[in-house]
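>>> here is my input, please return the structure:
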Amino acid sequence: MKYLAGLCATFLIAGSSIAQEVPENFMERLKAFLGPQYPIDSVAESPMPGVYEVAAGGQVVYASVKDDFLLIGTMYDTVTRTNIGEQKQNKVMQDKAESAVSSVPVEDLIIFSAVGEAKRHVTIFTDMDCGYCRKLHREVPTLNAAGIEVRYMMFPMLTDQSRPKAISVWCAEDKQTALTQAKLGMDVPPRDCTNPVDQQFQVGQTIGVRGTPFIVLDDYSIVGGYVPADQLISRLGLK
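The predicted model follows:
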């Protein structure tokens, strides 16, 4: 259980697929070991005989049973020296992010536009009181100058005031200024209106956001946590 808990944040996998060749005792022992917090979404044969690729609670691991022992871990291709499980997990995350993030209307985002024509864009799940979110926001002008449009989604999670602050920012007449003021630690006048804050929080939960900042690139690959602007610019293939 400790191994699974230390893997990437949970992402759900659409559908369910259990390979017909999986021994019954394997499924019984795997379910008993993982418990209800890691429901098995799919099981398939792996390139290694007797070892199965398991998507459990959205995580991708490899497992084998022998007598009273259950082995769970990842799998490497020794020729290409790649982590097969990590590749599969990244694909799961990317597909989930594409489905969820693309469903949010652009007009529901708080956007800091690129200087000139936008070359790329990133979507950032943020909390007004998050220290690293504030640090990243100070670098938004650098991202904009490099041709990167920054789109913010609200993910209030740190304190009881996080959600009211997010709503007050979104309901401001000048959302960009209100967001910047909040991230500078300034008081934002309380406001209320019809807003997408709760829906955006749900989108974040759906794709596995457990902390902020949480960055989704425009190819829907994930950058969990703070990344300096120069590194993010380089990762997006810009100078």
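>>> okay, now the unreliable bits of the protein?
1-24, 57-58 (pLDDT under 70).
>>> which one's the longest helix in it?
Ordering each helix of the chain by length in residues (DSSP state H) puts helix 84-101 first.
>>> toward the C-terminus, what is the element adjacent to that helix?
Moving toward the C-terminus from helix 84-101, the next helix or strand (DSSP states H and E) is strand 110-112.
>>> give me the distance from that following strand to the chain's centre.
Per CA atoms, centre = their mean, to the nearest Å, the displacement of strand 110-112 from the mean C-alpha position of its chain is 19 Å.
>>> stretch 205-216 now?
4 Å.
>>> which parts of the longest helix of the chain are buried?
84-85, 88-89, 92-94, 96-97, 100-101 (16 or more other CB atoms under 10 Å). Any C-beta I mention is one placed from the backbone N, CA and C, and that applies to glycine too.
>>> mind putting those into a markdown table with distance to S221?
Below are these laid out as a markdown table (distance: CB to CB, whole Å):
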| residue | distance to S221 |
| --- | --- |
| I84 | 18 |
| G85 | 17 |
| K88 | 14 |
| Q89 | 12 |
| V92 | 12 |
| M93 | 8 |
| Q94 | 6 |
| K96 | 12 |
| A97 | 8 |
| A100 | 14 |
| V101 | 11 |
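>>> tell me which of the residues you listed is nearest to K66?
Nearest to K66 out of the buried residues of helix 84-101 is G85 (CB to CB; 19.9 Å).
>>> wait, doesn't that closest one sit right on V61?
Yes - if you go by CB atoms under 8 Å, G85 and V61 touch, sitting 6.3 Å apart.
>>> anything in contact with each of these two?
Residues touching both G85 and V61 (CB atoms under 8 Å, 6 or more residues apart in numbering): 53, 74.
>>> wait, isn't Y132 in contact with P213?
Yes - between Y132 and P213 there is a contact under CB under 8 Å: 5.9 Å.
>>> what residues are shared contacts of the two?
What both Y132 and P213 touch, as defined by CB under 8 Å, 6+ apart, is the set 225-226.
>>> domain parsing for the protein?
Following automatic domain parsing, one gets these domains for the chain: 2-81, 101-235.
>>> start to end distance for the last one?
The first and last residues of domain 101-235 sit 20 Å apart, counting by CA to CA, to the nearest Å.
>>> distance of the residue sitting furthest away from the middle of the chain from R29?
Relative to the mean C-alpha coordinate of the chain, counting by CA atoms, centre = their mean, the farthest residue is D67 (37.2 Å). Separation of D67 from R29 (CB to CB, to the nearest Å) stands at 10 Å.
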